[in-house]
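In: kindly generate the corresponding structure for this input.
(chains A, B, C and D)
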2 protein chains.
Amino acid sequence: MTAAPTLEDVARAAGVSRATVSRVINGIRNVDPAIQETVRRAIADTGYVPNRAARSLVTRRTGAIALVVSGAGEEDEANPFHSQVFADPFFGRVASGVVGFLRPRGIHPILMFAETDEARTQVISFLRQGYADGAVLVSTQSRDPLPRQLVEAALPSVLFARPGEAIPISYVDVAHRTGAKLAADHLVARGCRRVATIAGPLDVLAAQDRLAGFRDAMAAHGHPYIPCVEGQFTYASGETAMERLLSEQPGLDGVFVANDLMAQGALLVLRHHGRRVPEDVAVVGFDDSSAATASRPMLTTIRHPVEDMAAEMARLLLEHVDEPGKPMTSVIFEPSLVVRESA
Amino acid sequence: MTAAPTLEDVARAAGVSRATVSRVINGIRNVDPAIQETVRRAIADTGYVPNRAARSLVTRRTGAIALVVSGAGEEDEANPFHSQVFADPFFGRVASGVVGFLRPRGIHPILMFAETDEARTQVISFLRQGYADGAVLVSTQSRDPLPRQLVEAALPSVLFARPGEAIPISYVDVAHRTGAKLAADHLVARGCRRVATIAGPLDVLAAQDRLAGFRDAMAAHGHPYIPCVEGQFTYASGETAMERLLSEQPGLDGVFVANDLMAQGALLVLRHHGRRVPEDVAVVGFDDSSAATASRPMLTTIRHPVEDMAAEMARLLLEHVDEPGKPMTSVIFEPSLVVRESA
DNA sequence: GCATGGCGGGAGAGCGCTCTCCACAAACCG
DNA sequence: CGGTTTGTGGAGAGCGCTCTCCCGCCATGC
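Out: As a prediction, the model looks like this:
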């Protein structure tokens, strides 16, 4: 392989100027069809590939975006943040949705983790250096300072989930309360009378909303008090929470669990205690993640259109990159109930 | 935010030439400490951030690498390849290891999926355009044509796992046969007499090696025939395989399962059939993935240092990028047995 | 007939950086 | 003390592309 051909080489081969070749490649302005054809052939002959650095030097666009997963957790040498993140099928779905939208447009996300202050600083300077035009951000914590930092640096960005503080930034989210209501209605319709819930970490807005939505809906059904144990959205915390719930409320016959991973853990504990699901205890999860179909019995859950939301997040970001003055928007998706075996 | 400051601006502020500022930033050649200090202050004052496009235009380096997940599977609209990929904790560990190595060096991987021919072409042209200096590649299939394509395009790349065909490319791998032998020895030492195995998809070299290694070791222990059912490395296929094994070999007392995800499925089926694990049937998995500790009983498994391997893969790639003439190398890691509850 | 305008192509000026070359001064040698 | 070496800063030529300007051509209008 010799030195890569440049625009100049193609122009020479086609017998036209550099500018004309550029026009053909970028489809800008009219170019005589015959010349267009000649140029295309020259491109194919020389095996020309545009140089991205040169292009983005002048256009001030990189054609890349960052997919940032942020939290405020501590990094642990033995079990770094990013390995935990991937253990949650939720992030896989987000990545999948983002890639699904971006790939047909020839753009690929740069994966970044931002769990420490240092890492967050790195994210900002990375974007400022022009490694990417903007960022889609998934936060695991409502206290995450990164959204604010992004806004302050005037970097185009879109969040997955409403920001913890009121800052002018676009985001996508799901109607958590509606989802929780769906779960409540289903449990009540099945005839559950002694219902409890396992919530997510209550410093996460989504967890707060799911809990509040569930309690409101149950109250409307005449159940003003719903026992609750807080989990951490992890498998193991679901087990622990279920153990506790069972010891405190041995007579329960229905549980709403704020995500599928915890529900999976809860299921195991219920079986371990000899409770049949759904006959003795009905369980409703949240997310409709891969854990929902992997657990036995399969989970009845609230479908959270994560991939669609992630795709929309990418779409919004591209819009912001294209028109910097565009006003911030939020897009809220409606969840739905998926009935399987557990309730 | 006004126009971003350039090297020129910093030079003016510091009262030196552009070249000197560049030298300070890149730490190349000696620069008078006093001037160095002045320059640093000027950088801080102006809030200067080097422009990556301009830099890589002249250095012909992007300082980015691609993390490619490739297979030869068909893309399915409803359940795209990349969402399945993330369902396997294995890929999360690879990503984690790669990020762990790269991040301290200020570089972040670009995430790409290459499951169709079209997508593979896109990967190649993406790299040729200079979006990244090289690629680390995780293939799900030994027939994957991408490694060859990368070699032909002379793009620096490193594989996770030995390539299916003999091509000159660097890779990291684990000694699958040794791992399988560890499992065999453990089962035999526990007193298992009627042992079977659930293999991975046999078009994957790793699956072939694990099966061959297990059979060889069992043969050495005096068990020349080991029943085997092929799975797909997925949870569901582990269930199916275990059902089949149980119907064909009702008397079995030990199973070696080629990965943890399938082992998790197998565990569930065994319990469903009333077999106690490990009392009635001992189960050994492979990978020591998050599934190993998430299953109940927790899996005894072969530890596969995936994060270390992924980090090494990134290290090798950076070496190849730095010295293009560097000969290809392979690094083989040794697995180890992790005894938990299932055997 | 000549002025007018639209259209398609070329020339060339940068984008912000690195790096080679050169100038100059100080240090060193015989 | 001249000549060489060494060490440090500046000048300036690009890297490969886009995009503005300009120019020539032909069709059109009066």
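In: break down the stretch 101-250 of chain A into its strands, ranges please.
Out: If DSSP state E, counting those that start in this stretch is used as the criterion, the strands of the stretch 101-250 of chain A fall at A:109-114, A:134-139, A:157-160, A:170-174, A:195-199, A:228-230.
In: closest one to chain B among the ones you listed?
Out: Nearest of the strands of the stretch 101-250 of chain A to chain B, taken as C-beta to the nearest C-beta: strand A:109-114 at 5.0 Å. To be clear about C-beta, it is placed using only N, CA and C from the backbone, and glycine gets the same treatment.
In: what's the closest one packed up against?
Out: Applying 3 or more C-beta pairs under 8 Å, 6 or more residues apart in numbering or on different chains; DSSP states H and E, one finds that strand A:109-114 contacts strand A:65-70, helix A:81-87, helix A:89-102, helix A:117-128, helix B:89-102, strand B:109-114.
In: check the average confidence over that strand, would you?
Out: Over the span of strand A:109-114, the pLDDT mean works out to 92.
In: hmm, back to that, quick one, which of the helices and strands packed on strand A:109-114 is nearest to DNA strand D?
Out: strand A:65-70 (19.1 Å; C-beta to the nearest atom of the strand).
In: could you check the angle helix A:89-102 makes with that closest one?
Out: Here the directions of strand A:65-70 and helix A:89-102 differ by 170 degrees (axes from the mean of the first three to the mean of the last three C-alpha atoms, to 10 degrees).
In: backbone dihedrals for the closest residue to residue A:301 other than its chain neighbours, please?
Out: Of all residues not flanking residue A:301 in the chain, residue A:285 sits nearest, at 3.8 Å (C-beta to C-beta, 6 or more residues apart in numbering or on different chains). Main-chain dihedrals, residue A:285, degrees, to the nearest 10: phi -100, psi -160.
In: same thing with the one 3 residues further on?
Out: Here is the backbone geometry of residue A:288 (degrees, to the nearest 10): phi 50, psi 50.
In: quick check: beta-bridge partners of the closest residue to it other than its chain neighbours?
Out: In this structure, residue A:288 finds its nearest non-sequential neighbour in residue A:303, 4.0 Å apart by C-beta to C-beta, 6+ apart. Beta-bridge partners recorded for residue A:303 (DSSP bridges): residue A:287, residue A:336.
In: just checking, residue A:303 touches residue A:336?
Out: Yes - if you go by C-beta atoms under 8 Å, residue A:303 and residue A:336 touch, sitting 4.8 Å apart.
In: rounded mean pLDDT for stretch A:259-273, please.
Out: 92.
In: and stretch A:179-187, how far out from the chain's middle?
Out: 23 Å (C-alpha atoms, centre = their mean, to the nearest Å).
In: how about low-confidence regions in the stretch 1-150 of chain A?
Out: A:1-3, A:71-84, A:87 (pLDDT under 70).
In: contact residues of it facing DNA strand D?
Out: Residues of the stretch 1-150 of chain A lying close to DNA strand D (C-beta under 7 Å from any atom of the strand) are A:3-4, A:6-8, A:18-19, A:22, A:25-26, A:28, A:48, A:50-51, A:54-55, A:57-59.
In: switch to 6 Å and redo it
Out: A:6-7, A:18-19, A:22, A:25-26, A:28, A:50-51, A:54-55, A:57-59 (C-beta under 6 Å from any atom of the strand).
In: ok, the residue in the stretch 151-300 of chain A that chain B sits nearest to - how many residues close by?
Out: Here the residue of the stretch 151-300 of chain A nearest chain B is residue A:290; by C-beta to the nearest C-beta that distance is 4.5 Å. Using other C-beta atoms under 10 Å in any protein chain shown, residue A:290 has 20 neighbouring residues.
In: from DNA strand D, how far off is it?
Out: Residue A:290 is 41 Å from DNA strand D, where distance means C-beta to the nearest atom of the strand, to the nearest Å.
In: hmm, back to that, is it true that the residue nearest to residue A:301 touches residue A:299?
Out: Yes - if you go by C-beta under 8 Å, residue A:285 and residue A:299 touch, sitting 4.4 Å apart.
In: list the contacts for the residue nearest to residue A:179 when sequence neighbours are not counted?
Out: The shortest distance from residue A:179 to any residue other than its chain neighbours is 3.6 Å, reached at residue A:335 (C-beta to C-beta, 6+ apart). The neighbours of residue A:335, taking C-beta atoms under 8 Å, 6 or more residues apart in numbering or on different chains as the test, are A:174-176, A:178-179, A:182, A:302-305.
In: one more pass at 7 Å, please.
Out: Residue A:335 makes contacts with A:174-175, A:178-179, A:182, A:302-304, as judged by C-beta atoms under 7 Å, 6 or more residues apart in numbering or on different chains.
In: residue numbers of chain A in contact with chain B?
Out: Where chain A comes near chain B, counting by C-beta under 7 Å from any C-beta of the partner chain, the residues are A:1, A:49-54, A:56-57, A:80, A:82-83, A:86-87, A:89, A:92-93, A:95-96, A:99-100, A:108-113, A:125-126, A:128-131, A:154, A:235, A:268, A:290, A:294, A:296.
In: near DNA strand C, which residues of chain A are found?
Out: Counting by C-beta under 6 Å from any atom of the strand, chain A sits next to DNA strand C at A:16-20, A:30-32, A:35, A:57-58.
In: among those residues, name the ones in helices.
Out: Of those, the ones assigned to helices by DSSP state H are A:18-20, A:35, A:57-58.
In: and the furthest pair within the residues you listed?
Out: Within those, A:35 and A:57 form the most distant pair, 26.7 Å apart (C-beta to C-beta).
In: distance of the closest residue to residue A:237 other than its chain neighbours from residue A:291?
Out: Closest residue to residue A:237 apart from its sequence neighbours, by C-beta to C-beta, 6+ apart: residue A:231 at 3.9 Å. Going from residue A:231 to residue A:291 by C-beta to C-beta, to the nearest Å gives 14 Å.
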